[in-house]
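1. Take this sequence and fold it.
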Amino acid sequence: MNVAQRKEAHELRKTLKPLMEKRRRARINESLNHLKTLILPLVGKDASRYSKLEKADILEMTVRFLRDLPSTSFKGQTGSYKEGYKACLQRISAILPQSNLETETRQRVNEFIQHSMVSATSSCQNCCAQNSRMISQMHQRLVSLRNSNSATENHSISTASAPSQPQPVPQAAVDMWRPW
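-> Residues are numbered from 1 along each chain as shown. Down below sits the predicted model:
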């Protein structure tokens with residue numbers, strides 16, 4: 001490499017460094033804003049009252065929330081599964097009122113949660129089998145909602161493109177409930 005090429009490379013690095021730093025800061029800020037939208041409902045805070053939180057406050061709230069989570073010790077797969085399933089249902093029921101779902105959908109999800117809580121407390125051994133029909137219906141509904149949302153977005157972006165058709169869901173994926 002000659003002197004001119006090294007000088008040119010050095011100048012290029014000098015001009016690109018501020019741009020890379022700006023992108024890095026933008027990613028950090030975007031992630032912190034996303035973390036804020038996730039953590040505020042979990043700690044029971046109203047997002048409208050906390051629109052101007054400092055970055056340190058968001059991180060402290062997250063650390064406090066994670067620290068306060070009960071640590072789980074191994075109690076066997078069934079007990080652990082049952083506790084996790086119930087904790088997940090409780091979290092969803094706590095977040096559900098703040099969601100932007102339609103009232104009918106929110107009521108159906110709430111009914112499912114109530115039904116599942118009863119099933120989980122009485123006997124969770126076969127909760128997958130007991131709820132598989134309801135879960136597959138909810139899964140199909142969510143897939144169709146997601147596809148209709150993406151079709152609406154695609155239609156608004158370009159009226160020339162045709163809206164996407166709902167993708168067929170494999171039967172194995174519909175019948176199998178996964179906790180994640």
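
2. The nearest residue to residue 1 once chain neighbours are set aside and residue 16: what is the separation?
-> Nearest residue to residue 1 in three dimensions, chain neighbours excluded: residue 9, at 7.8 Å (CB to CB, 6 or more residues apart in numbering). To be clear about C-beta, it is placed using only N, CA and C from the backbone, and glycine gets the same treatment. Distance of residue 9 to residue 16, given as CB to CB, to the nearest Å: 10 Å.

3. Same check on residue 138?
-> Residue 138 sits at a distance of 48 Å from residue 16 (criterion: CB to CB).

4. and the two? which has more neighbours close in?
-> Legend: neighbour count by other CB atoms under 10 Å for residue 138 and residue 16, higher for residue 138 (15 against 10).

5. The more buried one is in contact with residue 112, isn't it?
-> Yes. Counting by CB atoms under 8 Å, residue 138 touches residue 112, with 6.6 Å between them.

6. Give me the below-cutoff pLDDT ranges for the chain.
-> 71-79, 119-137, 139, 149-180 (pLDDT under 70).

7. Can you show me the helices along the protein?
-> Using DSSP state H, the helices of the chain run over residues 3-42, 55-68, 77-95, 103-122, 127-157, 171-175.
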